[in-house]
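**Student:** After the sequence you'll find the predicted model.
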Amino acid sequence: MSSTHVSCLRASRLLSIGGGLDCRLLPISIRSMCALTEIERAKKHAAYQCAAENVTNGARIGVGSGSTVKYFVQYLKEKFHEKTLTDIVCVPTSFQTRHWLIEAGLPVSDLEQTPSLTVCIDGADEVDANLACIKGGGGCLLQEKVVQTCAEKFFVIADISKQSTVLGEKYKTLPIEVSQFAYAPVMRWIEQKLGGKCHLRNAVKKCGPIVTDNGNYIVDWEFPKSDDPNRDWNTINDTLLRLPGVLETGLFLGVAQKVYFATAKGDVTVIP
């Protein structure tokens, strides 16, 4: 067994010994694992409470993407195989989510067969006081927005670190999905019209840029800093979408009914 595995087990055991453990008293290496474990616990609390309150028998469910959504899939798997949640159909927002759903033995569909959804539940990179969201850190923003738009209701699940007063307070870039052919002029146009700096998102385990499930590129726009709490994101979004080659942005504005923020202790704040 590797030393890293041993340390992970040690951190996990320490965290399980009561909720009052102060991770600041632990070595730095284990402290970082404590923090990660606490974040994962928070994600699970948010996903489970949101699902319990909003997913019912017969639901047609849009299933988002990302690390928090994995706990939502876990909830669906448990309840479906316990037969306490029946007659559901899941429409994924990404290749990865589809794979999770199939592995979980859940009924999977698409928007051709299931065009109208009861509910969509997804994570976010940042959510402000008005429930405006920045999404797309995982590169699935186009499919996420299409599925969300097909749903009657949209709920966001996140750990408390994603909560902010205004967009851009914590998450400093906006993901934008663009055509491969158009990425260079799009980056130039954005910088000319809106300022800031654009970065073509590069892959970690391959040479070159990330290619989305739809065969496109992701441009991360490092938008200009602003102290204005009333920055007009709707106008910014409209400006971006009018640029030839821009397919979608990671701005989800005015579409979330509720956001579930959770802490590692299990406290869940539901807004509004």
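**Tutor:** Nice, I can see it.
**Student:** partner residues bridging Pro209?
**Tutor:** Bridge pairing for Pro209 (DSSP bridges) gives the partners Asn202.
**Student:** residue contacts, it?
**Tutor:** Pro209 sits next to Tyr183, Leu200, Arg201, Asn202, Ala203, Tyr217, Ile218 when contact means Cβ atoms under 8 Å, 6 or more residues apart in numbering. Bear in mind the C-beta positions are built from the backbone N, C-alpha and C, glycine included.
**Student:** Any idea how many residues pack against the fifth one?
**Tutor:** Neighbouring residues of Ala203 were enumerated by other Cβ atoms under 10 Å; the total is 11.
**Student:** just to revisit the earlier point, among the contacts of Pro209, name the buried ones.
**Tutor:** Among these, the ones that count as buried by 16 or more other Cβ atoms under 10 Å are Tyr183, Leu200, Arg201, Tyr217, Ile218.
**Student:** which one of the contacts of Pro209 sits closest to Val127?
**Tutor:** Closest approach between the contacts of Pro209 and Val127, by Cβ to Cβ: Ile218, at 20.2 Å.
**Student:** in a strand, that's where that closest one is, yeah?
**Tutor:** Yes: according to DSSP: H, G, I helix; E, B strand; the rest coil, Ile218 belongs to a strand.
**Student:** so who does the closest residue to it other than its chain neighbours touch?
**Tutor:** Nearest non-adjacent residue to Ile218, counting by Cβ to Cβ, 6 or more residues apart in numbering: Arg201, 4.2 Å away. The contact partners of Arg201, taken as Cβ under 8 Å, 6+ apart, are Gly139, Pro175, Pro209, Ile210, Tyr217, Ile218, Val219, Asp220.
**Student:** can we see that at 7 Å?
**Tutor:** By Cβ atoms under 7 Å, 6 or more residues apart in numbering, the residues touching Arg201 are Pro209, Ile210, Ile218, Asp220.
**Student:** Tell me the buried residues in stretch 251-265?
**Tutor:** In stretch 251-265, counting by 16+ other Cβ under 10 Å, buried: Leu251, Phe252, Leu253, Val255, Ala256, Lys258, Val259, Tyr260, Phe261, Ala262, Thr263, Ala264.
**Student:** and Ser226, what pLDDT?
**Tutor:** Predicted confidence (pLDDT) for Ser226: 89.
**Student:** going forward can the numbers begin at 6, since that is how I track them
**Tutor:** Will do, 6 is the new start, and the previous item becomes Ser231.
**Student:** number of nearby residues for the nearest residue to it once chain neighbours are set aside?
**Tutor:** In this structure, Ser231 finds its nearest non-sequential neighbour in Gly173, 7.0 Å apart by Cβ to Cβ, 6+ apart. The number of residues packed around Gly173, counting by other Cβ under 10 Å, is 19.
**Student:** about what we covered before: TSV for the buried ones among the contacts of Pro214, including pLDDT?
**Tutor:** Converted to TSV, these look like this (pLDDT from 0 to 100):
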residue	pLDDT
Tyr188	99
Leu205	99
Arg206	99
Tyr222	99
Ile223	99
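**Student:** What segments of the chain are helices?
**Tutor:** 8-21, 33-59, 74-86, 100-108, 146-154, 188-199, 238-246 (DSSP state H).
**Student:** Go through those and pick out the most buried.
**Tutor:** helix 146-154 (a mean of 23; mean count of other Cβ atoms under 10 Å).
**Student:** Kindly export stretch 224-237 (C-alpha atoms) in PDB.
**Tutor:** The C-alpha coordinates for stretch 224-237 follow below in PDB (Å, rounded to 0.1, in the frame of the first residue of the first chain):
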ATOM      1  CA  VAL A 224     -12.300  29.700 -24.600                       C
ATOM      2  CA  ASP A 225     -11.900  30.900 -21.000                       C
ATOM      3  CA  TRP A 226     -12.400  34.600 -20.900                       C
ATOM      4  CA  GLU A 227     -10.600  36.300 -18.000                       C
ATOM      5  CA  PHE A 228     -13.100  39.200 -17.800                       C
ATOM      6  CA  PRO A 229     -11.900  42.600 -16.500                       C
ATOM      7  CA  LYS A 230     -12.100  43.200 -12.800                       C
ATOM      8  CA  SER A 231     -14.900  45.400 -11.600                       C
ATOM      9  CA  ASP A 232     -16.100  46.700  -8.300                       C
ATOM     10  CA  ASP A 233     -19.600  47.400  -9.800                       C
ATOM     11  CA  PRO A 234     -22.100  45.100  -8.100                       C
ATOM     12  CA  ASN A 235     -24.500  45.800 -11.000                       C
ATOM     13  CA  ARG A 236     -22.300  44.600 -13.800                       C
ATOM     14  CA  ASP A 237     -24.800  43.900 -16.700                       C
END
